[in-house]
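**Q** okay, sequence plus prediction incoming.
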Amino acid sequence: MNPNTDNKDSLATPNHTPQLQAFRDIVESRRSVRRFTDTPIPDDVLADCLRLAMLAPNSSNLQPWEFYVIDDADNRKRAVKNCMNQNAAKTSARLIAVVARTDVWHDHAKQILREYPDTPVPKKVKDYYTKVVAMDFFRGPANVISAAKWGATQVVRRVKGPIKSPYYTFEDTKNWATNNTALAAENLMLALRAHGFDSCPMGGFDEPAMKRLLKLSDEHHIVMMVGAGERADNGVYNTQFRFEQNQFVHYV
């Protein structure tokens, strides 16, 4: 089905949930798989999974993510070593670095206006990407703009009440980028499961060494490494369990 074509028979509503059981099956069967078979992931399957990853929700549609598929034999050998030689990396059919970027918001804001699907671009959209986004992220020399934004925000809160906090510091922007990129990573892992493959998100890796391997800058942040492939019979190490839901869900 063309994703841009409305199909009322397949569109979920509160009273019609044709994909619910399939979604449950995908989520409930997804496991962090540590060993994979030798079955390759076809390029077209991986391309579809990455396309679905990039449909993840993200702030202002600024899409601060990149995916590095490490296929070169020498690079892969070094990447596996940087992943502490974990089986999930060593046996994976594809090894992917999921990267957040803190330096693309300005270029992506301009790209959105160039590629905006509705023409002419509405004034409120132009104003948002040329003014609001810039005010959010711009810090100025020696963070002088950040200090001014912080002061102005405190005044507005006292006078008018709640206001969205702009991003004052580099760490704020890094958190913003990594949070959005993690959403895309989850889409990627669920898409792989839907295609019959599995994955393992890895936080145990040498990020400085991996960044050198991938020739990344200080504005690139590797959120996780993802090993992907067909689940081996001994690929799942432990029985899945979670704490009780009522421990985490609070109605206030």
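**A** Thanks, I have the structure now.
**Q** strands of this protein, residue ranges please.
**A** Remark: strands assigned in the chain by DSSP state E are 65-69, 94-101, 198-202, 220-229.
**Q** now tabulate these in a markdown table and tack on mean neighbour count.
**A** In this view, the C-beta of every residue, glycine as well, is placed from N, C-alpha and C. Shown next, in a markdown table, are the strands of the chain (neighbours: other C-beta atoms under 10 Å):
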| stretch | mean neighbour count |
| --- | --- |
| strand 65-69 | 19 |
| strand 94-101 | 24 |
| strand 198-202 | 23 |
| strand 220-229 | 23 |
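**Q** tabulate these (CSV), appending distance to residue 25.
**A** Shown next, in CSV, are the strands of the chain (distance: least, C-beta to C-beta, whole Å):
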stretch, distance to residue 25
strand 65-69, 25
strand 94-101, 23
strand 198-202, 14
strand 220-229, 19
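**Q** figure out which of those strands is closest to residue 171.
**A** strand 220-229 (10.9 Å; C-beta to C-beta).
**Q** elements contacting that closest one?
**A** With contacts taken as 3 or more C-beta pairs under 8 Å, 6 or more residues apart in numbering; DSSP states H and E, strand 220-229 sits against helix 87-90, strand 94-101, helix 170-194, strand 198-202, helix 207-214.
**Q** I'd like these laid out as TSV, including mean pLDDT and distance to residue 158.
**A** Output for the helices and strands packed on strand 220-229, formatted as TSV (pLDDT from 0 to 100; distance: least, C-beta to C-beta, whole Å):
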stretch	mean pLDDT	distance to residue 158
helix 87-90	98	50
strand 94-101	98	33
helix 170-194	97	21
strand 198-202	98	42
helix 207-214	98	40
